[in-house]
Structures are given as C-alpha cells and as structure tokens.
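Enquirer: Sequence first, predicted model second:
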Amino acid sequence: MRPGRGATEGESIVNKWFSRFSSKASAVTGSSWAFLSAVLIIAVWALSGPLFNFSDTWQLIINTASSVLTLVMVFVIQHGQGRHTQSIHLKLDELIRVNREARNELISLEAKPDAAIHEIRAAFNN
C-alpha cells in the first residue's frame, strides 16, 4: 500500500474496510434497538404465518435470513474478539517488558508451541 492512501503500512484496503465495518456492525447489533428490531421482525413474521398458510416459502424466508445473518455475524464477532485478544496480549506484554522482575520469555507466549507453554505451566505448578 502506498503512503497517503488511508491504510497503515502492511494493512490492505479490504482489511481496513472490514475492520471499520465489523466495529460498526458490533456496535449496532449489540444495541438494545437491534434486539428490539429482531424481536419485532420475528413477531411480524410469526403473525404473517396464517396469511401465507404457514407455507414452505414462509418458513424458508426466516430460515434463509437467519442463516445469512448468523454467517455474517460469526465473522464480525470473531474479528472483534481477535482484536480484543490481541490488544490484551500487547498490554500484558508491555507490563512484562517494563517489570524488571518479570520473565521476558512470557512475552508473546500465545505464539509459542504448545510444548513450551506446558513447560512454563509446569514450572509455575512446582
């Protein structure tokens, strides 16, 4: 990415767009208004059942809509949790780095092989 194009170095336009989208989507879908809207949509759908004789198409509408929304929200939630987890790890790494008594090998422990994590856990348990 060339400087001055709006994305940080190493971050693609798609990644930057998705990050903004997922942050806004999380804020919107996590609100009480989104919950009330979902309840209202489900109520309207349920009440419209007799009008459509509870047909297969009537059922297919809610099944398809909920499946698509669930799939999209999985990615939005996963992205948000990933960013949150990375932020926590970086903050903890900074605290380890500035504490003279802390063991620096614990920095970025989440990126180390499982065997190394098990060794450190065993050392703490002794």
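Expert: That came through, no problem. Residues are numbered from 1 along each chain as shown.

Enquirer: Could you name the helices and strands sitting against the longest helix along the chain?
Expert: Of all segments of type helix in the chain, defined using DSSP state H, the longest is helix 56-98. Packed against helix 56-98 by the contact rule (3 or more CB pairs under 8 Å, 6 or more residues apart in numbering; DSSP states H and E) you find helix 13-29, helix 32-47. (Glycine included, C-beta is placed from N, CA and C.)

Enquirer: Quick check: next helix or strand after it?
Expert: Following helix 56-98 in sequence order, the next helix or strand is helix 114-125 (DSSP states H and E).

Enquirer: Pick the most buried one from the helices and strands packed on helix 56-98.
Expert: Highest mean neighbour count among the helices and strands packed on helix 56-98 (mean count of other CB atoms under 10 Å): helix 13-29, with a mean of 14.

Enquirer: how far does it sit from the chain's center?
Expert: 10 Å (CA atoms, centre = their mean, to the nearest Å).

Enquirer: Show me what it is packed against.
Expert: Helix 13-29 is packed against helix 56-98, with contacts defined by 3+ CB pairs under 8 Å, 6+ apart.
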